[in-house]
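Asks: Can you look at this prediction? I've put the sequence above it.
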Amino acid sequence: MTVATAQQPEPDPILCRRQPDDPRPISFTQRRLWYLDQLTPGSGVYNVPYVARISGPLNIDALQKAFHVLVGRHEVLRSVFLAPGGNPTPVVLKKWAFELKQTDLRHLPQPEREAEAQRLVNQEAARPFNLARDLMLRAALFRVADDEWVFLHVAHHIATEFGSTEIMYQELTPLYEGFVSGQPVTLPEPAIQYSDFALWQNRYLQGERLERLTAYWKQQLTGAEQLTLPTDKPRPALSSLRGTRYPMVLELDAINAIAALSKASGTTPFRGTCAAFNVFLHCYSGQNDISVGSPVAPRKRPGMEGAIGFFVNTLVLRSDLSGNPTFRELMKRVDQVVQGAVEHADLTFDRLVEALRPPREAGRMPLFQVNFRVVKASVPALTLKGLEITPPKYVNNGTAKFDLAMELEAATGQGGFFEYSTDLFKEATIAQMAVDFAAVLRALIAQPDIPFSEVSVVREVSQRVRTSAGLRR
């Protein structure tokens with residue numbers, strides 16, 4: 001008699017440096033951005049631009065050299081993407097020159113300098129990257145006074161994300177100071193390059209592991225409804241990706257209150273706020289089956305903490321509001337949804353779309369059209385010795401990746417925004433949405449133990465939207 005034994009799960013491949021003869025694959029998330037770039041040539045939608053103001057005796061040569069070393073340290077910043085046979089392949093440039101673009105505006109009358117600097121910042125922030133030719137990072141200085149510059153850096157999302165910006169600043173600081181002082185600066189080599197992660201990811205997402213992850217997401221998302229928000233304009237056959245941002249400010253007492261309620265309910269502030277966002281979307285759509293996208297950057301494995309690259313994956317969070325639960329009960333439902341999504345976050349969004357093959361409609365993202373994100377704080381500060389530098393700010397480059405996206409900044413509540421498609425929505429509608437979300441959040445916090453649809457603010461917003469948009473349940 002043979003006794004069957006349980007099959008041991010396949011061990012994870014180790015994340016380590018590539019061997020010289022190992023392939024250099026593109027990551028799954030990079031592949032998706034590459035294909036999107038082919039579909040929307042000439043678009044800066046995946047540019048990541050930040051602007052700051054520098055005051056003081058800036059050593060421009062030292063800053064340029066610091067950027068040059070930074071690009072040399074991180075292969076992904078000097079990778080181009082070639083497509084022999086239609087298959088994108090990253091190629092690391094062995095020779096490159098980082099140019100810190102300089103524009104002197106002091107010849108203009110004082111009142112005109114700021115306006116011209118802003119115009120040039122917007123122009124440079126929107127200028128597309130050529131993925132087959134350009135470095136994936138560029139920077140520019142616009143001089144508006146003898147000791148004052150507007151400083152812009154723009155990266156392509158295929159090579160960076162929020163956490164990478166912090167790493168970039170951490171390395172620029174000592175590099176700049178070393179070039180200013182003439183003293184050599186030796187930074188520890190990154191434990192891994194992004195290509196090491198891409199190889200690991202390609203080896204990881206296969207076999208039994210891929211089947212298990214795919215099975216979870218199929219069970220979670222099969223039959224999900226398409227979220228339908230009332231729009232001001234008919235949806236175009238093909239999205240132009242034009243968009244803009246509108247401030248989403250929350251008072252600090254509301255931030256603290258949702259954090260306290262979430263903790264008391266056994267969940268996290270992100271999950272509690274996500275539950276409130278689902279109620280807000282219910283008010284506007286009348287739907288109980290709601291799917292939103294949410295980015296996650298799983299920097300968990302040793303070595304990744306010092307690497308620059310595009311590690312973000314987008315999770316689809318499908319929540320069930322049926323049965324008219326209380327807000328506290330809904331927070332627990334959303335908690336389970338998010339927990340399951342995080343545990344199965346290694347299946348990248350593009351592989352998820354391949355597996356589910358949802359109906360595709362021109363001008364719509366597959367699986368979700370609304371994105372939700374909470375960041376703990378705004379962009380980290382850049383510090384350079386002897387200089388005053390304002391906190392870097394994201395430059396609105398006139399694009400939107402989704403129909404609607406909301407980002408909240410949890411540290412102060414002041415840095416949030418709605419990003420929206422101007423093909424679909426007017427600014428006045430988004431301004432009302434910002435007011436409504438803040439009101440719905442406060443009302444749910446105040447009455448977490450009654451059915452959410454019986455909260456007076458939820459009823460009022462839902463009724464107003466249905467009336468103005470002619471919606472029927």
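Replies: Looks like it arrived, so ask away.
Asks: Check residue 358 and give its pLDDT.
Replies: With respect to pLDDT, residue 358 scores 86.
Asks: now do residue 8
Replies: On the pLDDT scale, residue 8 is placed at 44.
Asks: Now do the same contact list for the residue most central in space within the chain.
Replies: Closest residue to the average C-alpha location of the chain: residue 295 at 6.0 Å, with C-alpha atoms, centre = their mean. By C-beta atoms under 8 Å, 6 or more residues apart in numbering, the residues touching residue 295 are 312-315, 371, 373. Any C-beta I mention is one placed from the backbone N, CA and C, and that applies to glycine too.
Asks: can you give me the strands for the chain?
Replies: For the chain, the strands defined by DSSP state E cover 47-55, 79-82, 89-92, 100-104, 137-145, 148-156, 243-248, 289-296, 313-320, 370-375, 388-389, 393-394, 404-409, 416-421.
Asks: For residue 214, find the nearest of those.
Replies: Distance to residue 214, taken as C-beta to C-beta, is lowest for strand 313-320 among those, at 13.3 Å.
Asks: Residue 318 is in contact with residue 221, correct?
Replies: Yes: using C-beta atoms under 8 Å, residue 221 is in contact with residue 318, at 5.8 Å.
Asks: got any residues that touch both of the two?
Replies: residue 291.
Asks: Now do the contacts for residue 307.
Replies: Neighbouring residues of residue 307 by C-beta under 8 Å, 6+ apart: 74, 164, 167, 190-194, 197.
Asks: Write the PyMOL selection for whichever of those are buried.
Replies: A single PyMOL command selects the buried members of these (16 or more other C-beta atoms under 10 Å):
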select buried, resi 74+164+167+190+192+193+194+197
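Asks: which of the contacts of residue 307 lies closest to residue 54?
Replies: Among those, and counting by C-beta to C-beta, the member closest to residue 54 is residue 167, at 20.2 Å.
Asks: Does the closest one touch residue 309 like I think?
Replies: No: with contacts counted by C-beta under 8 Å, residue 167 stays clear of residue 309, the gap being 9.6 Å.
Asks: Residue 221 and residue 318 - which one has more neighbours?
Replies: residue 318 (21 against 18; other C-beta atoms under 10 Å).
Asks: residues near the closest residue to residue 461 other than its chain neighbours, how many?
Replies: Using C-beta to C-beta, 6 or more residues apart in numbering and skipping residues adjacent in sequence, the residue nearest residue 461 is residue 283, 4.4 Å away. Residue 283 has 24 neighbours, counted by other C-beta under 10 Å.
Asks: I'd say residue 283 and residue 436 touch.
Replies: Yes: counting by C-beta under 8 Å, residue 436 is a contact partner of residue 283 at 6.9 Å.
Asks: quick one: common contacting residues for those two?
Replies: With contacts defined as C-beta under 8 Å, 6+ apart, the residues shared by residue 283 and residue 436 are residue 461.
Asks: distance between stretch 413-420 and the chain's centre?
Replies: With C-alpha atoms, centre = their mean, to the nearest Å as the basis, stretch 413-420 stands 13 Å off its chain's centre.
Asks: Which residues belonging to that stretch are considered buried?
Replies: In stretch 413-420, counting by 16+ other C-beta under 10 Å, buried: 413, 415-420.
Asks: hmm, who's touching it?
Replies: The contact list for stretch 413-420 (C-beta under 8 Å, 6+ apart) reads 243-252, 254-255, 375, 378, 400-409, 430, 433-434.
Asks: for stretch 236-245, same thing?
Replies: Against stretch 236-245 from outside (C-beta under 8 Å, 6+ apart): 40, 43, 45, 362-364, 396, 398-401, 417-423, 427.
Asks: rerun at 6 Å
Replies: Here stretch 236-245 makes contact (C-beta atoms under 6 Å, 6 or more residues apart in numbering) with 40, 43, 45, 362-363, 396, 399-400, 417, 419-423.
Asks: Check those for burial and list the buried ones.
Replies: Neighbour counting by 16+ other C-beta under 10 Å classes 40, 43, 45, 363, 396, 399-400, 417, 419-423 among these as buried.
Asks: Please identify which of those residues is nearest to residue 322.
Replies: Using C-beta to C-beta, the buried ones among the contacts of stretch 236-245 come closest to residue 322 at residue 420, 27.5 Å.
Asks: Residue 84: which of the contacts of residue 307 is nearest?
Replies: residue 194 (20.7 Å).
Asks: where does the residue lying closest to that closest one once chain neighbours are set aside fall, phi/psi-wise?
Replies: With sequence-adjacent residues excluded and distances taken as C-beta to C-beta, 6+ apart, residue 194 is closest to residue 309, at 3.3 Å. Residue 309 adopts backbone torsions of phi 170, psi -180, taken as degrees, to the nearest 10.
Asks: Please apply the same query to residue 42.
Replies: Main-chain dihedrals, residue 42, degrees, to the nearest 10: phi 80, psi 10.
Asks: Could you check how many residues crowd around it?
Replies: As a measure of burial, residue 42 has 8 neighbours, counting by other C-beta under 10 Å.
Asks: Next, count neighbours for the spatially closest residue to it that is not a sequence neighbour.
Replies: Closest residue to residue 42 apart from its sequence neighbours, by C-beta to C-beta, 6+ apart: residue 128 at 5.3 Å. By other C-beta under 10 Å, the residues close to residue 128 number 16.
Asks: What of residue 388?
Replies: There are 12 residues near residue 388, going by other C-beta under 10 Å.
Asks: Quick check: phi and psi on the closest residue to residue 145 other than its chain neighbours?
Replies: The shortest distance from residue 145 to any non-neighbouring residue, by C-beta to C-beta, 6+ apart, is to residue 106 (7.0 Å). Per-residue torsions, residue 106: phi -70, psi -10 (degrees, to the nearest 10).
Asks: quick one on the thing from earlier: just list whatever residues bridge to the residue nearest to the centre of the chain.
Replies: residue 314 (DSSP bridges).
Asks: Distance-wise, check it relative to residue 144.
Replies: 35 Å (C-beta to C-beta, to the nearest Å).
Asks: and what of residue 70?
Replies: In terms of C-beta to C-beta, residue 70 sits 25 Å off from residue 144.
Asks: again with residue 233
Replies: Residue 233 sits 38 Å away from residue 144, taking C-beta to C-beta as the criterion.
Asks: between the two, which one's more packed in?
Replies: Between residue 233 and residue 144, residue 144 has the larger neighbour count (other C-beta under 10 Å), namely 19 against 11.
Asks: Can you name the residues that contact the more buried one?
Replies: Counted by C-beta under 6 Å, 6+ apart, residue 144 has contacts 105, 113, 117.
Asks: Turn these into TSV, including distance to residue 289.
Replies: As requested, the contacts of residue 144 are exported to TSV (distance: C-beta to C-beta, whole Å):
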residue	distance to residue 289
105	53
113	53
117	48
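Asks: Residue 274: neighbouring residues, count only.
Replies: Using other C-beta under 10 Å, residue 274 is surrounded by 25 other residues.
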